[in-house]
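Visitor: Below are the sequence and a predicted model; questions follow.
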Amino acid sequence: MELFLGYLLIFSSRIADVSISVVRTILMVRGKKFQAAALGIVEILIYITVLSKVMSHLDHIGNLIAYALGFGTGQIVGIYLEQKMAIGNVTVQVITKENEEILVNLLRKEGFGVTVIQGYGKDGIRHILNIALQRTMLPKLNHILNEFDKNAFVTIMDTKHIQGGYLKRMKRK
C-alpha cells in the first residue's frame, strides 16, 4: 500500500508541476512576467521534490512509470486549464456569404468592435470582418457566428498586444 501511495504522490505531483509549466509558458509568451515567475517558483519546488524521490529509488520501475505518466497527463491538464482560463486576446477574421451588414450590426449591438475591410476572393468581392476581443468572449462570439452563418470562414489568431481602438470588457451571459 505504501508503494502505491508513493506512485500516486509522484504521479499527482508531476501532473501539478507540468500543468503549472504549461500555464507559465503561455503567460511568458503573453508577456505576463511576474505571474510567470511566481508560477515558476512553485513549479520548480514541486519538480525538485518529486525528482529527488524518483532518483533516490531508481530500482523501483513504478516510480519511473508514475513520473512519465504524470508528465503526459500534466500536459493535457495544463492545456485544459489554460483554455479554461482564457488568458489574453485574440483577433478573429470572419468572411460570410450572408449579408455582412446584418452581422456587423448584430455584433456591434452585442458590444463587439468590428472593422470591415473589402477583399477579393475566388467569387469576387467579399467583406472581411476583423474583431479584436478578450479570449473569454470567444464562446459568445462563436455562438453568434454559428447562429448567423454556420458556413462562415472564420480564423482566430492570438494577439499579444492591443492598443487603442474599441475593446470593451464584456460580461459573459
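Guide: Yes, it's here. Numbering: from 1, shown residues only.
Visitor: any idea of the mean pLDDT for the helix or strand hosting Ile76?
Guide: According to DSSP states H and E, Ile76 maps onto helix 61-85. When pLDDT is averaged over helix 61-85, the result is 92.
Visitor: Which residues does that helix contact?
Guide: Outside of helix 61-85, the residues within contact range by Cβ atoms under 8 Å, 6 or more residues apart in numbering are 3, 6-8, 10-23, 26, 50, 53-54, 57-58. In short, each C-beta sits where N, CA and C put it, glycine included.
Visitor: for the chain, which strand is longest?
Guide: strand 124-134 (DSSP state E).
Visitor: and it, what does it pack onto?
Guide: strand 89-95, helix 100-109, strand 114-121 (3 or more Cβ pairs under 8 Å, 6 or more residues apart in numbering; DSSP states H and E).
Visitor: among those, which is nearest Ile156?
Guide: Ranking the helices and strands packed on strand 124-134 by proximity to Ile156 (Cβ to Cβ) places strand 89-95 first, at 5.2 Å.
Visitor: Could you check how far the residue nearest the centre of the chain is from Arg24?
Guide: Against the mean C-alpha coordinate of the chain, by Cα atoms, centre = their mean, the closest residue is Gln83 at 3.6 Å. Relative to Arg24, Gln83 is positioned 15 Å away (Cβ to Cβ, to the nearest Å).
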